[in-house]
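Chemist: structure, please.
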Amino acid sequence: MEHQVDTATDASISTSPVALPPLPHMSNAKPFPNISKIKVFNGNNFKRWQESVFSIDVHGVAFALTEEAKQIWDSMTAKYTAEDVGRQKFVIGNYYRWEMSDDKEIKTQINEYHKLVEDLKAENINLQEEFLAGLLIEKLPESWNNYKQQLKHKDKQLSLADLIVHIIIEDTTRKEIEAAKAKEIATRANLANIVANVKEWVVDSGATRHICANKNAFSSYTPVGEGEEIIYLGDSRTAQVLGKGKVLLKLTSGKTLALNDVLHVPNIRANLVSVVLLGKVGGEGVIRI
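Modeler: Below you'll find the model as predicted:
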């Protein structure tokens with residue numbers, strides 16, 4: 001008996017293509033990182049370079065690509081992390097051992113200290129501003145002890161930048177004082193052997209005027225009226241000025257030192273040469289002949 005096909009059933013089967021459902025959207029998929037942002041490692045400061053790599057999340061990709069990449073990464077981390085630790089110890093040691101001295105320029109030493117602080121920052125060692133300023137004060141040379149005490153007793157703590165400016169100003173002032181003292185010593189030396197037929201002359205750094213007790217020492221003289229002018233002496237006494245004029249002092253070098261506007265005060269104990277007036281170049285108080 002022949003098998004008959006149910007054409008009615010076959011007619012219900014469609015021969016058209018079946019549409020597949022869409023694939024689910026991969027919302028968590030990450031784009032491949034832009035590795036062009038990674039700088040070539042130059043062998044210095046591995047930790048900072050490593051952090052830059054971490055910031056673009058490329059290390060996970062490298063590990064996923066090959067086991068060999070992971071081994072290279074681990075090897076670099078072990079090698080350069082140890083080197084960074086050694087570098088940090090070196091920088092910290094330099095900072096700790098650094099000292100200031102009177103033999104070197106203060107500005108040069110300030111620059112050295114600033115370089116040490118920058119080296120610490122490069123190693124991600126960030127110290128508080130108060131600590132950096134306080135240590136610089138402690139490192140000042142022994143001759144600066146009084147200045148150090150003044151800074152320590154200030155009500156307000158100076159920042160490192162303000163402290164450096166303060167120190168440089170103090171250094172400039174000290175140099176000016178030292179130069180003035182050196183000039184005074186030189187002046188005293190030059191006048192130590194004054195030859196004159198008058199009373200002894202004293203080179204006085206505190207005197208603001210030339211003073212002479214002997215009227216006969218004046219080469220030119222103008223009387224001053226009684227009570228018109230007085231001077232104050234060191235012991236709080238006053239003395240009457242009787243006149244003023246020019247006095248010529250002969251030096252052992254053969255030259256003559258002309259003192260202008262010298263006050264005549266008979267009861268002065270010693271004739272005074274004012275260092276202040278001598279130090280004024282081109283001033284009215286002195287003429288060298």
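
Chemist: can you give me the strands for the stretch 151-289 of the chain?
Modeler: 194-195, 201-204, 211-212, 218-223, 230-232, 238-240, 243-251, 256-264, 271-274, 286-288 (DSSP state E, counting those that start in this stretch).

Chemist: quick one: low-confidence parts of this structure?
Modeler: Filtered on pLDDT under 70, the chain yields the residue ranges 1-85, 184-200, 234-235, 252-253, 279-289.

Chemist: show me it divided up by domain.
Modeler: Recorded structural domains for the chain (assignment: automatic domain parsing) are 42-92, 98-178, 193-288.

Chemist: now tabulate these in TSV and tack on mean neighbour count.
Modeler: In short, each C-beta sits where N, CA and C put it, glycine included. Converted to TSV, these look like this (neighbours: other C-beta atoms under 10 Å):
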stretch	mean neighbour count
domain 42-92	13
domain 98-178	14
domain 193-288	15
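
Chemist: re earlier: and residue 172, which of the strands of the stretch 151-289 of the chain is closest to it?
Modeler: strand 271-274 (25.8 Å; C-beta to C-beta).

Chemist: other SSEs contacting the closest one?
Modeler: strand 201-204, strand 211-212 (3 or more C-beta pairs under 8 Å, 6 or more residues apart in numbering; DSSP states H and E).

Chemist: hang on, isn't residue 214 packed against residue 271?
Modeler: Yes: when contacts are counted by C-beta atoms under 8 Å, residue 214 is listed as touching residue 271 (7.4 Å).

Chemist: ok, back up a step: make JSON lines out of the helices and strands packed on strand 271-274 and add distance to residue 123.
Modeler: Below are the helices and strands packed on strand 271-274 laid out as JSON lines (distance: least, C-beta to C-beta, whole Å):
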{"stretch": "strand 201-204", "distance to residue 123": "58"}
{"stretch": "strand 211-212", "distance to residue 123": "66"}
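
Chemist: out of these, nearest to residue 115?
Modeler: strand 201-204 (46.0 Å).

Chemist: let me see the contact set for residue 233.
Modeler: By C-beta atoms under 8 Å, 6 or more residues apart in numbering, the contact set of residue 233 is 239, 268.

Chemist: so how far is residue 182 from it?
Modeler: Separation of residue 233 from residue 182 (C-beta to C-beta, to the nearest Å): 28 Å.

Chemist: where do the helices sit along the protein?
Modeler: Along the chain, counting by DSSP state H, helices occupy 7-11, 46-55, 59-65, 67-97, 106-122, 129-139, 145-152, 160-191, 275-278.

Chemist: look up phi and psi at residue 159.
Modeler: In terms of degrees, to the nearest 10, the main-chain angles of residue 159 are phi -70, psi 170.

Chemist: residue contacts, it?
Modeler: 129, 133.

Chemist: same question for the one 3 residues further on.
Modeler: Contact partners of residue 162, counting by C-beta under 8 Å, 6+ apart, are absent.

Chemist: can you do 10 Å?
Modeler: Shown here is residue 162, whose contacts under the criterion C-beta atoms under 10 Å, 6 or more residues apart in numbering are 133, 156.

Chemist: quick check: it vs residue 120, distance?
Modeler: According to C-beta to C-beta, residue 162 stands 20 Å off from residue 120.
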